[in-house]
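J.: Take this sequence and fold it.
(chains A and B)
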Amino acid sequence: MKEMLEKELDFDDDPLNAMGVSRKSLVIFFLIDTSGSMKGTKMGELNTAMEELVPEIRRIGEADTDVKVAVLTFSTNLAWMYSEPISIEEFEWNRLAANGITNMGAAFEELNIRLSRNSFLNSPSLSFAPVIFLMTDGYPSDNYRDGLRRLNENSWYKYALKVALGIGKEANDEMLAEFTNSPDTVVHAYTGGQLASLIKKIAVTSSQIGSKSMTLSDDTIGEIGVDDVTDSKQRQLEKEIQDIVKADEFSKDIPFDSGW
Amino acid sequence: MLELKVGQSVEIEYGGFARVIKVLGSGGQGIVYLVEFNNSHYALKWYDVSKIANPQAFRKNIETNINDGPPSNKFLWPKHLTKANENGGFGYLMDLRPEGYDSFVDILNMYKLVIDPLTGAARKQPVQFRSLFALVTAVINIVNAFRQLHRAGKSYQDLNDGGFFINIETGDVLVCDCDNIAPDGYNFGIGGKPGYMAPEIVRGISKPDVQTDKYSLAVVLFKLLFRGDPMEGEKVVKDICLTEASELKHYGKEAVFVFDPNNNTNRPVRGIHDNVIKFWGIYPDYIRQAFTYTFTAGLADPNKRIIENEWQKLFTRLRAEIVSCQCGRTTFLSAFENLGDTTYRCQRCGTHFPTLSFSNVDYRIPIYQNARLYACITETACDDFSRITGEVIENRLKKGMLGIRNMSDKVWDVKMPDGNFYHIDYEKGFPIWEDLEIKFGDITAKIK
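T.: A predicted model of the protein is given here:
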């Protein structure tokens, strides 16, 4: 009887029978302006840069972090490229087309709804604060301040690493700094070559910082307090973005906004 | 940073040039390139010197390490320094990772991404140890590598999941990223990774040294065996968003081991930490106690962390206690039913198997077909855990009759069923019977 009972039991005591380690999640949000003014070279460069970026950031999370990507496009209408964040290992870029006006405020409101445990940030395990990367070539057509006010009340947004890339002369760096809360994480591309290289460098840098645990500075002396580490990733991001801007050789191409 | 270009040549300190072939990977301190030097391929780690606090001291330390040589053959050690270029940039050459080794990261994830060279599409390929024996051997090899490093008076400093390659067939280990290894007590600016770093480093009150290495080593071993984080439980998951402040708290100031017997605030959570919950129940007590000691008493007191030699003994025992039953069930002896004497029974298929006591260790070794004995058990004062000295085989003429074959270069004296002792030479065997006694020189093994 005893043996019969035991045979019924499933001896799940094989120490090799494991699942992958539970990982922390990081969602990288791309907010992309697809208004009519983005048509042509800008959209072409952007699409190509994003296609090439995906394989480059695939292993950024390593064992610790499950990196996911969510892409929101805004013009007259809003659209998510996929209905939920997609793991970077499976993500495929769908080429975007440009048309319509720049409803950036609506995009901020939509982002606010998705930056929630009940929506896009629903990993059962731990999450790192998201990375939010805004790209635009113009000034919002709608009232963006209401959306921004709502975002500022969202804790995920508060902790998020925020970067903005202004494309061409029309994009307003001051407005973009309102979004990122820091002028140091706003960069500007004037040429096609710059646009492609900045998209990649910024996305790689911000997702590297976002997906990693805090790093200790070398010159710490004595017990570290919460104040010492708060926003340390944001400060690291600001510094590295400024390094990228400085290192970026201004190419001699014709600026986007000239000649048409 | 100043990157190298494909085709570019870099001058090696003691002559010759290394030519860059392609990028292999990038890390916090620089980029690793595949290069050709003297008609051989090497990996070149090229530093972003702006990220190194004191490049001269850092370079000098690597030079010292190259001159000292690796503590054992388990290290992918720096081989040649390059000359510094006009911007102060420099790097060093090391051997490439040999075929057949997987990264620790892929082992923890249980898959690796294989990129199709034509389409660029990524495909997942499973990564899993071929046997429990290979897993525990890898653990012993890691412990042994750090024991040798520490005996050489050096510390690894930033021990984390990026630091190892493991052969999942054999359990062979290669320690990589050896460029931060420094004499104990010295630090060239590297901090480490929360979760792997000792709490006193996270808190900023200590610099990496041999004692903090011991903490990181215990984390690496825990992750490899239990497939989860020793400090990540209910208390940590409640934070939802892992900010810098919560890392400082949960891995530094208020770290609590998930199985702390005196603090149940941070237990593993079902649905998230299922591996840890399951495996904690499978490993024998002495393994659980060693981790518990290191992650409770050893959290605040670096002297209360299990030392490498102790780990090596514990895992040598664990490996000797692996039972591969004929029904296919493979697990540790403690999971089988003890029949009151020295015999055990598999609850799944009913097979009985005996165990041998050894006069030099305080545990018994299970005897089943294909089980092996190692020099560290059968030879006096020996810690060689890889040399096989005996194996359990089935008699060719009498099916079902098990015996032990002497695979060592020593002569054993064995008590046979007629009551007399006989000399057993290399490659000779003897049956396992109820009153078996084996004399390996000073060491005696008995069934009863």
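J.: Need phi/psi at residue B:81.
T.: phi -80, psi 150 (degrees, to the nearest 10).
J.: Which residues are in contact with it?
T.: B:12, B:13, B:59, B:62, B:63, B:66, B:90, B:91, B:92 (C-beta atoms under 8 Å, 6 or more residues apart in numbering or on different chains). For glycine as for every other residue, the C-beta is placed from the backbone atoms N, C-alpha and C.
J.: Specify the beta-bridge partners of it.
T.: Applying DSSP bridges to residue B:81 gives these bridge partners: residue B:92.
J.: Could you list the low-pLDDT ranges of the stretch 1-150 of chain B?
T.: Along the stretch 1-150 of chain B, the parts satisfying pLDDT under 70 run over B:1.
J.: try it again with 80
T.: B:1-2, B:26-29, B:51, B:119-122 (pLDDT under 80).
J.: Which parts of it are strands?
T.: Using DSSP state E, counting those that start in this stretch, the strands found in the stretch 1-150 of chain B span residues B:9-11, B:17-26, B:30-37, B:40-47, B:80-81, B:91-94, B:102-103, B:111-115, B:122-126.
J.: residues near the spatially closest residue to residue A:48 that is not a sequence neighbour, how many?
T.: Using C-beta to C-beta, 6 or more residues apart in numbering or on different chains and skipping the chain neighbours, the partner closest in space to residue A:48 is residue A:196 (6.6 Å). A count of neighbours around residue A:196, defined by other C-beta atoms under 10 Å in any protein chain shown, yields 19.
J.: Show the contacting residues for residue A:196.
T.: A:45, A:46, A:48, A:49 are the contacts of residue A:196 under C-beta under 8 Å, 6+ apart.
J.: And it, which helix or strand is it part of?
T.: Taking DSSP states H and E as the criterion, residue A:196 maps to helix A:192-211.
J.: residues near residue 168, how many?
T.: No chain specified, so I'll use chain A. Neighbours of residue A:168 using other C-beta under 10 Å come to 20.
J.: Please refer instead to chain B.
T.: 19.
J.: again, but for residue B:442
T.: For residue B:442, the count of nearby residues is 10 (other C-beta under 10 Å).
J.: Also residue A:82?
T.: When neighbours are counted by other C-beta under 10 Å, residue A:82 comes out with 14.
J.: Find me whatever residue is spatially closest to residue B:208, sequence neighbours aside.
T.: residue B:157 (4.1 Å).
J.: swap that for residue A:241, sorry
T.: Residue A:241 sits nearest to residue A:185 (C-beta to C-beta, 6+ apart), 5.2 Å away.
J.: Tell me who's in contact with that neighbour.
T.: Counting by C-beta under 8 Å, 6+ apart, residue A:185 has contacts A:161, A:162, A:163, A:164, A:234, A:237, A:238, A:241.
J.: Closest one of those to residue B:366?
T.: Lowest distance from residue B:366 to the contacts of residue A:185 (C-beta to C-beta) belongs to residue A:161, with 53.5 Å.
J.: Quickly list what that closest one is bridged to.
T.: residue A:131.
J.: so how far is chain B from it?
T.: 11 Å (C-beta to the nearest C-beta, to the nearest Å).
J.: number of nearby residues for that residue?
T.: Neighbour count of residue A:161, defined by other C-beta under 10 Å: 25.
J.: Isn't it up against residue A:129?
T.: Yes: here residue A:161 reaches residue A:129: they are 6.6 Å apart, a contact under C-beta atoms under 8 Å.
J.: who touches both of these two?
T.: Common neighbours of residue A:161 and residue A:129 are listed as A:210, A:233 (criterion: C-beta under 8 Å, 6+ apart).
J.: for the stretch 251-400 of chain B, what are the low-confidence residue spans?
T.: Regions of the stretch 251-400 of chain B meeting the criterion pLDDT under 80 are absent.
J.: no, scratch that, I was asking about chain A
T.: Checking chain A against pLDDT under 80 turns up A:1-11, A:59-64, A:212-221, A:247-260.
J.: Which elements pack onto the helix of greatest length in chain B?
T.: Using DSSP state H to define each element, chain B has its longest helix at helix B:132-151. On a contact count with 3 or more C-beta pairs under 8 Å, 6 or more residues apart in numbering or on different chains; DSSP states H and E, helix B:132-151 meets strand B:173-175, helix B:210-226, helix B:308-320, strand B:322-324.
J.: mind listing the helices for the chain?
T.: Using chain A here. Using DSSP H, helices in chain A cover A:2-8, A:41-56, A:104-114, A:144-152, A:155-159, A:173-180, A:192-211, A:226-229, A:232-247.
J.: You answered for a different chain; I wanted chain B.
T.: Along chain B, counting by DSSP H, helices occupy B:55-68, B:104-109, B:132-151, B:199-202, B:210-226, B:234-237, B:244-248, B:274-282, B:285-295, B:297-300, B:308-320, B:375-378.
J.: quick one: the fifth one to helix B:285-295, angle?
T.: In this structure, helix B:210-226 runs at an angle of 140 degrees to helix B:285-295, with axes from the mean of the first three to the mean of the last three C-alpha atoms, to 10 degrees as the basis.
J.: and residue B:52, how many neighbours does it have?
T.: If you count neighbours by other C-beta under 10 Å, residue B:52 ends up with 19.
J.: same deal with residue B:262?
T.: Count around residue B:262 with other C-beta under 10 Å applied: 7.
J.: now residue B:9
T.: 14.
J.: what's near enough to touch it?
T.: Per C-beta under 8 Å, 6+ apart, neighbours of residue B:9: B:17, B:18, B:19, B:20.
J.: and if you look at residue A:53?
T.: So residue A:53 contacts A:199, A:200, A:203, A:204 (C-beta under 8 Å, 6+ apart).
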